[in-house]
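S.K.: Quick one, fold the following:
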Amino acid sequence: MEPPIQGIVLNTTKFGESSIVLHSYTLEFGLRSFVVKGVRSTRRNKNVSMGMFQPLTQLDIIASTPKRNGLSVLKSAKISTPYTTISTDINKSCICLFLAEVLRSVLREEEQNHALYSFLSNALAWIETHSYVANGHIFMLIQLTKYLGFYPDISAIENPYFDLQNGQFCTQLNNNKCEAGDEILLFKTFLGTKFDTLETILATAKQRRSLLELLMRYYELHLQSFRKPKSLEILYEVFNT
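M.R.: The predicted structure follows:
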């Protein structure tokens, strides 16, 4: 019996008439895709169901070894970390939809990264166990840059401007990618906090939206592969309070 692969669902795509391809981020192999046969068929697959493949669900996966240049076939899967609140809370499910879309856009490594996987797993545990999550996705986007290689240089965080191009704080407008204002002040607050103090950050929906737009530009400047998530507008609507 092959040992299970620990994976976090990113998304699925249709494959043939009754199957899907599951795209996931795994502990053991980084990005990994699996064919899930017959899961969309009227004849129920007793080993899996479509409900198991919601964005950022954590799974234990048993799959075949991929053939050369081919895809693994998922034999069976089980939810390793059941969600109670994420699956029923619209705020939390929208955050997961958004983050899954971001991850699908930015992750490219087909190799293991235990630190990144641990961060994602801990972030999901935080979302699941906390009632106020309006700041969660912003914090996670900022922290994710550590693993993608462009975390802001905070050695001069007291400076009023943030240079998006170079990822550092500065005393003057070095180029047309420099920003200042309320969103930079809020950005600094997030850079100086941790998961356990996120709930103390007070921000309006307008302020969070401005900071998110800044982070989207930051990602676009540093990652050619990045595309602004379609689910961003849904997120704005849900947290418009």
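S.K.: hey, let's count contacts and neighbours off CA atoms from now on
M.R.: Noted.
S.K.: Any regions of this protein where pLDDT drops low?
M.R.: For the chain, the stretches flagged by pLDDT under 70 are 1, 44-45, 67-69, 241.
S.K.: quick check: domain ranges of this protein?
M.R.: 5-79, 90-238 (automatic domain parsing).
S.K.: Throw these into a markdown table and include mean neighbour count, thanks.
M.R.: As requested, those are exported to a markdown table (neighbours: other Cα atoms under 10 Å):
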| stretch | mean neighbour count |
| --- | --- |
| domain 5-79 | 18 |
| domain 90-238 | 16 |
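S.K.: which residues in this structure form helices?
M.R.: Per DSSP state H, the chain carries helices over the ranges 90-106, 114-129, 136-148, 182-191, 205-222, 232-238.
S.K.: Out of these, which is closest to residue 12?
M.R.: Evaluated over the helices of the chain, closeness to residue 12 peaks at helix 90-106, with 10.6 Å, by Cα to Cα.
S.K.: got the CA positions of the closest one in PDB?
M.R.: What follows is helix 90-106, C-alpha atoms only, in PDB (Å, rounded to 0.1, in the frame of the first residue of the first chain):
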ATOM      1  CA  ILE A  90     -19.900  32.700   3.700                       C
ATOM      2  CA  ASN A  91     -17.100  35.000   4.800                       C
ATOM      3  CA  LYS A  92     -14.700  32.100   5.400                       C
ATOM      4  CA  SER A  93     -15.600  30.200   2.200                       C
ATOM      5  CA  CYS A  94     -15.100  33.400   0.100                       C
ATOM      6  CA  ILE A  95     -11.700  33.900   1.700                       C
ATOM      7  CA  CYS A  96     -10.700  30.300   0.800                       C
ATOM      8  CA  LEU A  97     -12.000  30.700  -2.800                       C
ATOM      9  CA  PHE A  98     -10.000  33.900  -3.200                       C
ATOM     10  CA  LEU A  99      -6.800  32.400  -1.600                       C
ATOM     11  CA  ALA A 100      -7.100  29.200  -3.700                       C
ATOM     12  CA  GLU A 101      -7.300  31.300  -6.800                       C
ATOM     13  CA  VAL A 102      -4.200  33.300  -5.800                       C
ATOM     14  CA  LEU A 103      -2.200  30.100  -5.000                       C
ATOM     15  CA  ARG A 104      -3.200  28.600  -8.300                       C
ATOM     16  CA  SER A 105      -1.800  31.700 -10.000                       C
ATOM     17  CA  VAL A 106       1.500  32.000  -8.100                       C
END
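S.K.: ok, back up a step: list just the one of the helices of the chain that sits closest to residue 28.
M.R.: The minimum distance between residue 28 and those falls on helix 114-129, with 8.0 Å, by Cα to Cα.
S.K.: Give me the helices and strands touching the closest one, please.
M.R.: Secondary-structure packing of helix 114-129 (3 or more Cα pairs under 8 Å, 6 or more residues apart in numbering; DSSP states H and E): helix 136-148.
S.K.: what angle sits between the helix it packs on and helix 205-222?
M.R.: 20 degrees (axes from the mean of the first three to the mean of the last three Cα atoms, to 10 degrees).
S.K.: residues in contact with helix 136-148?
M.R.: 95, 99, 116, 123, 127, 151, 190-191, 195, 198, 208, 211-212, 215 (Cα atoms under 8 Å, 6 or more residues apart in numbering).
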